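Q: Mind looking at a prediction? Sequence and model below.
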Amino acid sequence: MRVLITGAAGFLGSHLCDRFIKEGHTVVGMDNLITGNMDNIAHLFGNERFSFIKHDVSNHIYVPGALDAVLHFASPASPNDYLAHPIPTLKVGSLGTHNTLGLAKVKDARYLLASTSEVYGDPQVNPQPETYWGNVNPIGPRGVYDEAKRFAEAMTLAYQRYHGLETRIVRIFNTYGPRMRLNDGRVVPNFIYQALTNKPLTVYGDGSQTRSFQYYTDLVEGIYRLLFSAESLPVNIGNPTEMSILEFAKAVIEVSGSKSDIVHVNPKDDRFTDDPKLRQPDISKAKRVLDWEPKVGLHEGLKETVAYFRPRV
C-alpha cells in the first residue's frame, strides 16, 4: 500500500510511519512542524519507501500519485499546545479533516481519523464506552481541542454516509513513550523530567483524578488492526487499568530511582479548566472487533520511556 500520514513528525505519527514502513508499505509523511519534530523521522530519510512533504493540511492538499489510505493524525494534542495554538487546532480539526477526507475521496483511499478520549469531556460515565456522548464545555479553553475532534468525527461519518467513503475512527486514550516532547505539558514527560532532575513532582489538587496510560506500541498495533478491519464506527484504544495521578507519580519515582518528593499544587490557569476527573476506556469493542488489548505493563513502558528521556534532560 501507499499511505499518507499527516502529523508524521509528531510523537504518534512518527511511530506509525515506522510501523507501515516495517510492514512493507510506502509512506508519504506530511507535517507543518507546528508541534512536530523532524528528529522523529530523520532515520527514515534515505529509505526509498518514505517521502516527506512540509505542509499545513488546513490548506488545500496535493499529493501526486495513487494513495490506498489516508491517516489523519495532524493536530496539537497537549493542553500547552492547543491553548497556545487555539485557532490552528480548530482549523486542523475542521478544515484539515475536510481536506484530508476530500483527498481520500479523490484517491479512492480508505480513511482513518485520529480522534481522542477528550470527545467524552469530563465524563459522568466510567468507564467510557463508544456509545457515551460525552460531557464537554464547548466554550471552555479546552473546547478548541475537544470540539475540533468531535466535529472531525461528524465530518468523517458524513463522508462515509453521503459519499460512501471507507472510514475508520480511533478514539485514543492517554498514550506515552519515546519521542514525546519534554515540554509538551502532559503528565508523563512532566513527571519524568522532574524525577530525573530530582525536583518535586507537582501533583495538581489532591491527585485523585484518574487516567489510564497505554504504551505507544499497544496503540500503534490497535490503529493498524483498525485500519484493516471492517469497523466503520469509533473504537476506543486505550489501557483500561485506571489509576490516580498520585499513584502514577509514585510509579515514576520508583521506576526512575528518583529522590524526588511529591508536592500538591492548585494552579488556576486555563490548562486545568474542565480537566477530566476520570478517564478509563471501555475496550470491550476493541477486544471484540479487533481482537486487541494492551500488552505492555506500566512499569515496562515507563522503564523504556525514562531511558529515552534520561540523556535528553
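A: Happy to help now that I have it.

Q: all contacts plus neighbour counts: C-alpha atoms, from now on.
A: Will do.

Q: Could you tell me the average pLDDT over the host helix or strand of L302, please?
A: Counting by DSSP states H and E, the element that carries L302 is helix 298-309. Along helix 298-309, the predicted confidence averages to a pLDDT of 98.

Q: For that helix, name the packing helices and strands.
A: Contacts of helix 298-309 with other secondary structure elements, assessed using 3 or more C-alpha pairs under 8 Å, 6 or more residues apart in numbering; DSSP states H and E, are made with helix 187-196, strand 214-215, helix 245-256.

Q: one more time with 10 Å, if that's ok
A: The elements that helix 298-309 packs onto, with contact taken as 3 or more C-alpha pairs under 10 Å, 6 or more residues apart in numbering; DSSP states H and E, are strand 175-176, helix 187-196, strand 214-215, helix 245-256.

Q: Which helix or strand lies directly C-terminal to the second one?
A: This means helix 187-196. As the chain continues past helix 187-196, the following element, by DSSP H and E, is strand 201-204.

Q: The last one too?
A: Once helix 245-256 ends, the next helix or strand along the chain (criterion: DSSP H and E) is strand 262-265.

Q: Please enumerate residues in contact with that next one?
A: Under the contact criterion C-alpha atoms under 10 Å, 6 or more residues apart in numbering, strand 262-265 has outside partners 191, 194-195, 199-207, 246, 249-250, 253.

Q: Does S78 touch L182 like I think?
A: No. Here S78 lies out of contact with L182, judged by C-alpha atoms under 10 Å, at a distance of 11.6 Å.

Q: Could you list the low-pLDDT ranges of the stretch 51-200 of the chain?
A: Low-confidence segments of the stretch 51-200 of the chain, defined by pLDDT under 70, are absent; every residue clears the threshold.

Q: So which of the contacts of strand 262-265 is the closest to L83?
A: Taking C-alpha to C-alpha as the measure, L83 sits nearest to Y204 out of those, at 18.2 Å.

Q: and V203, what does it touch?
A: Counting by C-alpha under 10 Å, 6+ apart, V203 touches 187, 191, 209, 245-246, 248-249, 262-267.

Q: Just to be sure, V70 is in a strand?
A: Yes. Using DSSP: H, G, I helix; E, B strand; the rest coil, the secondary structure at V70 is a strand.

Q: Was I right to think it contacts G7?
A: No. Taking contact to mean C-alpha under 10 Å, the distance of 11.4 Å between V70 and G7 leaves them out of contact.
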